Every structure is written in C-alpha cells, then in structure tokens.
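Asker: mind looking at a prediction? Sequence and model below.
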Amino acid sequence: MKLKTLIPKSEARKIVIKRRSEFSASDFQSKIKLISDRFIATDDFVNAKRIHTYISTRPGEIDTRKLVDYMVECGKQVIIPKLNKKTGKFNRANFISWDHMVKNSDGYLEPNVGIDEDLSDVDLIIVPAIAVSVLGQRIGHGGGYYDKLLKNTFATKVVLAFEFQVFDYIESNLHDVRIDKIITELRIINTRPPINRSSEPL
C-alpha cells in the first residue's frame with residue numbers, strides 16, 4: 001500500500017500560492033461559478049435554515065458575497081462572524097444588509113454588532129481555508145479563531161475550495177478541527193464517508 005505524503009503547513013501554503021499564480025482572473029471567476037453552483041445544489045444547502053459564512057476579503061478566497069445575496073433571496077438566515085479581540089473568539093452576528101457591514105481594524109468586513117458565541121441553532125458553516133486534505137484537515141490563516149469556533153458546533157462544516165488547494169494529507173495538530181465536506185469545481189469530497197457495515201466481520 002502506498003503511503004500518503006505528509007505536507008507541512010508552511011509547504012502547503014507555498015504550493016497553493018504558486019498554483020494560484022498560474023490562473024487568470026477569468027479562470028478564477030469560472031471556477032468560482034462552478035463551485036457555487038455545485039454548493040447550492042447540495043442537500044446541505046437546500047435543507048439549511050441558518051448558514052454561518054465568512055465574508056471573502058483575502059486574495060484567492062472563494063467569493064462568498066454573491067452567495068450571501070443568494071442565501072438572503074432564498075429566505076435563509078445568514079450569520080457572519082465578528083471577532084472579539086478581547087476573548088480571541090468569534091461572536092455571531094446576523095447579516096442584515098451590506099450597509100450594516102464595516103471594515104475592522106485589520107481591514108476585513110464584519111457586522112456592526114456581534115451577539116454571542118452560541119451556534120447551537122446553526123445548520124451549516126462555510127469555513128475559509130488556504131488548503132485542505134481529503135481527510136478533512138484544514139490550514140487556515142494562523143489565528144486559530146475558526147478552530148475555537150468549530151469546537152462549539154455540531155453543524156456541518158464545509159470548505160469551498162479550488163481543486164489546487166486540495167491535498168491527500170497535510171500537517172495537523174490536536175486542536176485542529178476537521179471539516180466534513182470539500183466542494184471544488186470538479187467534485188464534492190465527503191471527508192467522513194459512512195461506514196460500510198456489510199464489510200465488517202460477523
């Protein structure tokens with residue numbers, strides 16, 4: 001059996017940046033459209049009443065702004081993270097309109113007011129990632145904020161990613177929270193496939 005090569009986090013970031021530079025702006029837009037269409041066709045999206053999502057601001061991120069508008073049109077409650085720097089955790093805030101969004105001290109869009117950290121009513125979370133593995137390992141932007149948030153919810157955790165961000169096996173730590181699904185322009189990866197009971201010994 002061929003062993004999977006473990007990619008260190010720093011190396012995965014370099015590989016993704018290099019791969020990203022090989023695509024034009026039009027390539028990105030066509031890929032984002034495919035990813036978004038694949039995502040909104042999933043049962044996870046269709047059945048979700050409350051969706052927690054980041055607002056895309058960083059280079060190379062999947063654009064979530066059009067998705068947010070579509071969620072609102074579909075009558076879904078959209079929840080946006082608002083960073084509480086005192087606690088080092090995200091508070092939740094309901095998306096009202098783009099007019100109620102402001103740039104924080106780091107230059108990222110977030111709601112005016114955060115409520116609390118309770119995510120018990122959230123059905124689906126769209127999680128940002130620099131890189132992911134088919135096993136659900138995720139590399140974020142290094143703050144650890146999302147790992148803290150994801151530990152407090154049983155909601156389905158989805159990463160929208162370009163195919164070049166997906167690896168077989170990447171470095172992870174004990175505090176890293178694995179995601180459940182990856183949706184790319186080519187496929188949907190279930191990182192927690194159901195157990196095949198028929199193959200178990202009697």
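Answerer: Okay, I see it.
Asker: CA only for contacts and neighbour counts going forward, please
Answerer: Will do.
Asker: the worst-scoring helix or strand of the chain on mean pLDDT - contacts with which helices or strands?
Answerer: Least confident helix or strand, the chain: strand 109-111 with a mean of 83, by mean pLDDT, DSSP states H and E. The contact analysis (3 or more CA pairs under 8 Å, 6 or more residues apart in numbering; DSSP states H and E) places strand 109-111 against strand 77-84, strand 101-103.
Asker: could you pull out the strands for the protein?
Answerer: 50-53, 77-84, 89-94, 101-103, 109-111, 124-126, 131-133, 138-139, 156-160, 166-167, 181-183, 188-190 (DSSP state E).
Asker: mind putting those into JSON lines with mean neighbour count?
Answerer: Shown next, in JSON lines, are the strands of the chain (neighbours: other CA atoms under 10 Å):
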{"stretch": "strand 50-53", "mean neighbour count": "22"}
{"stretch": "strand 77-84", "mean neighbour count": "20"}
{"stretch": "strand 89-94", "mean neighbour count": "20"}
{"stretch": "strand 101-103", "mean neighbour count": "14"}
{"stretch": "strand 109-111", "mean neighbour count": "21"}
{"stretch": "strand 124-126", "mean neighbour count": "22"}
{"stretch": "strand 131-133", "mean neighbour count": "25"}
{"stretch": "strand 138-139", "mean neighbour count": "25"}
{"stretch": "strand 156-160", "mean neighbour count": "23"}
{"stretch": "strand 166-167", "mean neighbour count": "22"}
{"stretch": "strand 181-183", "mean neighbour count": "23"}
{"stretch": "strand 188-190", "mean neighbour count": "17"}
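Asker: make a markdown table out of the ones you listed and add distance to R65.
Answerer: Shown next, in a markdown table, are the strands of the chain (distance: least, CA to CA, whole Å):
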| stretch | distance to R65 |
| --- | --- |
| strand 50-53 | 10 |
| strand 77-84 | 11 |
| strand 89-94 | 15 |
| strand 101-103 | 12 |
| strand 109-111 | 11 |
| strand 124-126 | 12 |
| strand 131-133 | 21 |
| strand 138-139 | 22 |
| strand 156-160 | 13 |
| strand 166-167 | 23 |
| strand 181-183 | 17 |
| strand 188-190 | 21 |
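Asker: quick one, which of those strands gets closest to A25.
Answerer: Among those, strand 156-160 comes nearest to A25, with 17.6 Å by CA to CA.
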